[in-house]
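# Any chance you could fold what I've pasted below:
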Amino acid sequence: MTKNNHTILHIEDNFENRVLVRRLLQFAGFDIHEAENAYDALEQLESVTPDIILMDINMPDIDGYSLTRQLKSNIKFRNVPIIAITANVMKGDREKSFLAGCDGYIDKPINVDSFIDQIEGFLSRFNPRKQVNNNKRKL
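Below is the predicted model of the structure:
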């Protein structure tokens, strides 16, 4: 399989969710970095500038809304797309994610059949200069 040329930071406190997303993204050839909380994410972002950030909203220390606002206020990460991946699917939750600065929204539980296509769609939309590898095997 051809190596994908995109780096993704996935911020998620739930171990099982991190494993599932990691497996899907690695299978598609993405360079994946993981953080289990906001503090871990901030530490990783000192040395990694991802092409996209997948942000859990419900985390125990700093929630995803607050971390998104913090990242979007930093000139280094202002243009890095942040996609909310959340179980918050009640009326108004999507809008709340966008108001916090998220650039996209995926509800949980994720659909494993369409997840990679969703991520590639966001990457194509927000990183048009980098080509998304569409020569991957289908899951």
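
# So for this protein, the centremost residue is which one?
With distances taken as C-alpha atoms, centre = their mean, the chain has Leu54 as the residue nearest its mean C-alpha position (1.3 Å).

# Could you measure from that one over to Leu67?
12 Å (C-beta to C-beta, to the nearest Å). To be clear about C-beta, it is placed using only N, CA and C from the backbone, and glycine gets the same treatment.

# list the residues that contact both of the two?
A shared contact of Leu54 and Leu67, defined by C-beta atoms under 8 Å, 6 or more residues apart in numbering, is any residue touching both; here these are Ile11.

# Surely Ile83 forms part of a strand?
Yes. The assignment for Ile83 is a strand, going by DSSP: H, G, I helix; E, B strand; the rest coil.

# Could you check the pLDDT of the nearest residue to it once chain neighbours are set aside?
Spatially, and ignoring its direct neighbours in sequence, Ile83 is nearest to Gly104 (4.0 Å; C-beta to C-beta, 6 or more residues apart in numbering). Gly104 is assigned a pLDDT of 95 by the prediction.

# what's the answer for Phe27, then?
pLDDT recorded at Phe27 is 94.

# Around it, how many other residues sit close by?
For Phe27, the count of nearby residues is 13 (other C-beta atoms under 10 Å).

# Next: Asn88.
18.

# distance of it from Asp13?
Spatial separation of Asn88 from Asp13 under the definition C-beta to C-beta is 14 Å.

# And the helices in this protein?
Taking DSSP state H to define them, one finds helices in the chain at 15-27, 38-44, 64-72, 93-100, 115-126.

# Now render those helices as JSON lines, adding distance to Ile8.
Shown next, in JSON lines, are the helices of the chain (distance: least, C-beta to C-beta, whole Å):
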{"stretch": "helix 15-27", "distance to Ile8": "6"}
{"stretch": "helix 38-44", "distance to Ile8": "12"}
{"stretch": "helix 64-72", "distance to Ile8": "14"}
{"stretch": "helix 93-100", "distance to Ile8": "18"}
{"stretch": "helix 115-126", "distance to Ile8": "7"}
